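**Student:** with the input below, show me the fold.
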Amino acid sequence: MSITLTERAASEVKRTREEEAEQVPVFLRIGVAAGGCSGFSYELFFDGDFNEEKDQKYEQHGVTVVVDKKSALYLEGTTLDYIHELNQRGFVFENPNATKSCGCGSSFQV
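**Tutor:** Numbering: from 1, shown residues only. Below you'll find the model as predicted:
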């Protein structure tokens with residue numbers, strides 16, 4: 001398992017999923033894409049496609065998470081948390097593989 005969801009993150013994913021009221025089975029897809037100010041950027045979205053040859057799938061706190069195998073290499077050991085504070089609100093990636101990240105935390109280098 002490459003990524004750990006905190007209970008707060010899982011609760012927010014469930015809440016958001018319920019707001020969107022999708023009828024189709026949907027997974028939380030987490031990935032990495034080239035780009036961003038530090039080299040790679042995190043991807044986080046709902047997706048209904050799963051390819052057993054290219055993806056890993058697991059469940060945490062009632063949320064089904066899908067990660068493509070290439071992204072899993074960059075995300076091994078990462079924790080996805082959700083912060084809801086006065087001056088900050090949103091998902092936060094804690095990636096032990098990142099050697100540098102941008103100020104907003106949405107991109108990183110390895």
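
**Student:** show me what the biggest helix by length in the chain is packed up against.
**Tutor:** Assignment by DSSP state H gives helix 7-20 as the longest helix of the chain. Helices and strands touching helix 7-20, by 3 or more Cβ pairs under 8 Å, 6 or more residues apart in numbering; DSSP states H and E, are strand 63-68, strand 78-84. C-betas here are computed from N, CA, C, even on glycine.

**Student:** using TSV, please lay out those together with mean neighbour count and mean pLDDT.
**Tutor:** Formatted as TSV, the helices and strands packed on helix 7-20 follow (neighbours: other Cβ atoms under 10 Å; pLDDT from 0 to 100):
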stretch	mean neighbour count	mean pLDDT
strand 63-68	20	95
strand 78-84	17	94
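
**Student:** okay, those strands in JSON lines with distance to Gly90 next?
**Tutor:** Listed next are these as JSON lines, based on distance: least, Cβ to Cβ, whole Å:
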{"stretch": "strand 63-68", "distance to Gly90": "17"}
{"stretch": "strand 78-84", "distance to Gly90": "6"}
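
**Student:** quick one: closest of those to Arg29.
**Tutor:** Nearest to Arg29 among those is strand 63-68; the distance by Cβ to Cβ comes to 4.8 Å.

**Student:** show me what Leu5 bridges to in the sheet.
**Tutor:** Note on Leu5: beta-bridge partners Leu80, judged by DSSP bridges.

**Student:** likewise for Ile30?
**Tutor:** Under the criterion used (DSSP bridges), Ile30 bridges to Leu44.

**Student:** likewise for Gly90?
**Tutor:** Ile83.

**Student:** ok, back up a step: quick check: angle from the longest helix of the chain to strand 63-68?
**Tutor:** Direction vectors for helix 7-20 and strand 63-68, defined by axes from the mean of the first three to the mean of the last three Cα atoms, to 10 degrees, enclose an angle of 100 degrees.

**Student:** mind listing what's buried along helix 7-20?
**Tutor:** Within helix 7-20, the residues scored as buried using 16 or more other Cβ atoms under 10 Å are 8-10, 12-13.
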